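S.K.: sequence? don't have it. structure:
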């Protein structure tokens, strides 16, 4: 039996709609605690930021995907719970982002500015890190953030 194309097309559209609703509902089920952190730049300035914490695998997988906006001086702090080389990407992420790759003691090790929204290109920390801080694109330039700057917060053990 042959199925008319318009019936097939309607079924395909319905399936795609259902899939998008399912993806959105899964994304909505992930919640994030918030924390205040302080960024200390090499020029002696201090910047207070509010970050959402991506700590468990589900939160790290979700990250900032599907978000359409983020307030200035807000971000997401990914805590990997160990020091290792980290690979990030922008799949399903609509916001252009700056990424700070941060050591266990809070030292900014490497920076990737202006990550391209929706890109599946791998963004490599280039060395072992414990944290990644994602901020709105342009924040690195606006706050003059450089490798060697320091992030301080409850999750970050400062160097002695």
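M.R.: Done, it's in. Everything numeric in this text was worked out from a predicted model, so none of it was measured. Numbers count the residues shown, from 1 in each chain.

S.K.: separation between the closest residue to residue 110 other than its chain neighbours and residue 86?
M.R.: Residue nearest to residue 110 in three dimensions, not counting chain neighbours: residue 101, with 4.5 Å by CB to CB, 6 or more residues apart in numbering. Quick note: C-beta positions are derived from backbone N, CA and C, even for glycine. Taking CB to CB, to the nearest Å as the measure, residue 101 and residue 86 are separated by 7 Å.

S.K.: Residue ranges of each domain in this protein, please.
M.R.: For the chain, automatic domain parsing gives the domain ranges 1-30, 32-152.

S.K.: need those in TSV with mean pLDDT and mean neighbour count, can you?
M.R.: Listed next are the domains of the chain as TSV, based on pLDDT from 0 to 100; neighbours: other CB atoms under 10 Å:
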stretch	mean pLDDT	mean neighbour count
domain 1-30	54	10
domain 32-152	97	17
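
S.K.: So which residues of the protein form helices?
M.R.: Using DSSP state H, the helices of the chain run over 5-29, 57-62, 139-143.

S.K.: counting contacts, what elements does the last one pack onto?
M.R.: Helix 139-143 sits against strand 97-102, strand 108-115, with contacts defined as 3 or more CB pairs under 8 Å, 6 or more residues apart in numbering; DSSP states H and E.

S.K.: which helices and strands sit right next to the longest one?
M.R.: Helices and strands touching strand 108-115, as assessed by 3+ CB pairs under 8 Å, 6+ apart, comprise strand 97-102, strand 123-136, helix 139-143.

S.K.: strand partners of that strand, parallel vs antiparallel please.
M.R.: Strand pairing for strand 108-115, determined by DSSP bridges: strand 97-102 (antiparallel).

S.K.: which residues touch the partner strand?
M.R.: Residues from elsewhere that reach strand 97-102, judged by CB atoms under 8 Å, 6 or more residues apart in numbering: 64, 86, 88, 90, 108-115, 123, 125-127, 129-140, 145, 151, 156.

S.K.: coming back round to it: distance to residue 47 for the helices and strands packed on helix 139-143 - can I get that in CSV?
M.R.: Below are the helices and strands packed on helix 139-143 laid out as CSV (distance: least, CB to CB, whole Å):
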stretch, distance to residue 47
strand 97-102, 12
strand 108-115, 12
